[in-house]
Every structure is written in structure tokens, then in C-alpha cells.
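> model this:
(2 chains)
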2 protein chains.
Amino acid sequence: MSNDETLDDILKNLLASIPEVQAAAIVSVEGLPIASALPSNADETRIAAMTAAILSLGERAAQELGKGTLEMVFVRGVNGYIITMSAGPNSVLTISTTKDIKLGLVFLDTQRTCAKISKLV
Amino acid sequence: MSNDETLDDILKNLLASIPEVQAAAIVSVEGLPIASALPSNADETRIAAMTAAILSLGERAAQELGKGTLEMVFVRGVNGYIITMSAGPNSVLTISTTKDIKLGLVFLDTQRTCAKISKLV
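As a prediction, this is how the structure comes out:
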């Protein structure tokens, strides 16, 4: 039953539905880890800290350049993407993906995942 | 002749080809303004400073999370987008757009514009 889905279930389902998503973490708006689905070599604290920094700068940039409330920050490197998306007023979701993703699909799935998370956090 | 295109021409052409692009600025990797096509109420120094901050954090996030060299940072607010894209080793292009854009088209045009800029800077 989807009503019984925990945060861990939500993250596992996201990783299962898009194989290119390598890691996913839910982080409080203060930058503290809430839940994560990470490969064994990933460091949860590092992802949480990076998420907090991305969020803080994204909010400032959006405000300074008249873009209003921040919804998403997306970083593309030569080896893949980092996507940080607002998941309600208390948390954000950060995912790390390989380079070979269909961005439109990932945005859609991530947005749906954020809607589910915002009901639980 | 496209060979005689200046940086200002390149920015003006970008704004002309995508009406949803409200402002565009070429900034050195150190965060200093190089060229810009901005509405009269926009502050070039502020955009340059934000670009430098976005670039610096994007590079750090990409490196810390194993995404390699930074190619692009994209910030979505409720009122529009800020896109910062690498334009060769010495400069970056930042554009500010309204909410109603076709992202795929903007990415393509911005990438082409960055290729032109990298030959001049």
C-alpha cells in the first residue's frame, strides 16, 4: 500500500524506477541528513552538506535575480548530474545520476517523489 | 559575416532568437563582467557576482560527488530560470529567463552560443 510507504521505500522506488540514479538523499533545509539510498562508497554527510550549500546559494541567486522561491538546482558535470529539488517546506531531495539520463523523465519522477516526501516530512 | 561577430552581437542574437531570455552576461571565471545584454533595471555586477558564486559551488559539488568538470548549473525559481554554462576555459555565460521556456531549445541555443564565445574569449 502506497499509504504505508516510508521515506526509505520512496527512495528505493526512485532508484529502482530509474537505474541511472546512483544515489538519493532527503536532507532537511538546515542540511542535516533525514534518509538516504546511497552506494556503499558514498558519504551521507558530504551529500547533505553539499545539498545545504547548493540550496543556500540557489535561494540567494533566485532571490537576487528575481526568480522567486527556489524550486530546483541542477548541476551538470562531464560525468553526470546532481539534482536538488524542494520537497515541501522542510526538506529537499538530492539525487546523483550518471550522464546517460533522459532529463525530462528524471525531472518528472523526481517531482512526483518530492510530492510524496513532502507529505511525510 | 558570422566571423566578425563580437561578444555583444552574440548575446544580442541569443536574446533575439529566444524571446524568453531576459538577460545574458559573459563573465570571467574569476567573476568579473566581460560583456552583457541586460534590461535597464538589471545590475551587471550582481549577475557577475552571482555567476561566480554559482560557478564556484557548482565546481565543488561536481567534484565532491564525482561528476568531474563542471559544464552547467541551472537554478529554477517559481518565476523563471538562471542558467550558467561553461564557455571555454576562461569564461561562463549566464542567462536569466522567464518561466515559459522550452528547456531543450534553450539548452541547445545556449550551448551553441557558448561554443561561439569560447572562440573569442
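> buried stuff in the helix or strand bottoming out on mean pLDDT in chain A?
Within chain A, no helix or strand scores below helix A:44-64, which has a mean of 90 by mean pLDDT, DSSP states H and E. Within helix A:44-64, the residues that qualify as buried are A:47-55, A:57-59, A:61-62, counting by 16 or more other Cβ atoms under 10 Å in any protein chain shown. No exception for glycine: its C-beta is placed from N, CA and C like everyone else's.
> tell me the pLDDT at residue A:1?
Looking at residue A:1, its pLDDT reads 47.
> no wait, residue A:115
pLDDT, residue A:115: 95.
> what sits against the residue lying closest to it once chain neighbours are set aside?
Sequence neighbours aside, residue A:87 is the residue nearest to residue A:115 in space, at 7.9 Å (criterion: Cβ to Cβ, 6 or more residues apart in numbering or on different chains). Counting by Cβ atoms under 8 Å, 6 or more residues apart in numbering or on different chains, residue A:87 touches A:26, A:93, A:113, A:114, A:115, A:117, A:118, A:121.
> Buried ones only from those residues, please, as a ChimeraX command.
Restricted to buried positions by 16+ other Cβ under 10 Å, the ChimeraX selection for those reads:
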select /A:26,93,113,114,117,121
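> quick one: which two of the contacts of residue A:87 are the most distant?
A:26 and A:115 (13.0 Å; Cβ to Cβ).
> so where's chain A uncertain?
A:1-3 (pLDDT under 70).
> Near chain B, which residues of it are found?
A:46-47, A:50, A:53-54, A:57-58, A:60-62, A:64-82, A:96 (Cβ under 8 Å from any Cβ of the partner chain).
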